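Student: predicted model and sequence below, questions to follow.
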Amino acid sequence: MYEYLDERANLSIEYKGKVLDSYTLGIFHLNLHEITEKVALELIDRNEILGISYHKFGYRYRRINFPRHLRKVIRAEVSEITVGSLSETIKFAVLATLSDPNTRAVLQGFVGNLLFAIISSGVRGITSNIRHNENIVVPNDPFDIGSNLRDVMIALAENNPGQGFALAFRNGDTEVRIEIPGQDQENE
């Protein structure tokens, strides 16, 4: 059983490019789920919600470290989808067993951390309208999602041979955009 996070934790995703085939859409959603789980479990681990933190010992997130019943700690539900290129809104819910006030407080900022994970993943072509403090040093791929984003970008590129595409993740006024130019756009 899951309990929904606050509506402010919704994530809007917009894809502009050639119409997606079902294979590419499947790769996109499987990797999106993997990314959401990595970010959620990393936040839970860093805040020692499960009692012990693997982070303390220098380990990075590994799903295998968590009990089987907690491996799907967060549920990403497509609450709205529009046909065309792709436009969807995702609502997040947390396992009811983890819905105590401490966990909910940590996960309330989940979508902000998800956007931060995308920005800091090291994947090229990502832009953002988030104002950065120049004194903050962002570690490379702190949530270890680069491989997931790479798989999504490869699938989208194969779906759009020679053409450009854009993928935007939005929460409130914050937007993270991944833009890959097509062959005709690179020559401009």
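Tutor: Cool, got the structure.

Student: C-alpha only now, for contacts and for neighbours.
Tutor: OK.

Student: contacting residues for residue 20?
Tutor: Contacts of residue 20 were listed using Cα atoms under 8 Å, 6 or more residues apart in numbering, and they are 85, 86, 156, 159.

Student: number of residues surrounding the last one?
Tutor: Spelled out, that is residue 159. 19 (other Cα atoms under 10 Å).

Student: which outside residues touch the one helix or strand residue 79 maps to?
Tutor: With the criterion set as DSSP states H and E, the secondary-structure element containing residue 79 is strand 74-82. Identification of contacts with strand 74-82 by Cα under 8 Å, 6+ apart yields 2, 33, 36-37, 40, 87-95.

Student: likewise for stretch 1-14?
Tutor: Counting by Cα under 8 Å, 6+ apart, stretch 1-14 makes contact with 75, 85-96, 99, 104, 107-111, 167-172, all of which sit outside it.

Student: stretch 155-167 too?
Tutor: Contacting residues not belonging to stretch 155-167 are listed as 13-18, 20-21, 24, 27-28, 177-185 [Cα under 8 Å, 6+ apart].

Student: pull out the buried members of these.
Tutor: In the contacts of stretch 155-167, burial by neighbour count holds for 13-18, 20, 24, 27-28, 177-181, counting by 16 or more other Cα atoms under 10 Å.
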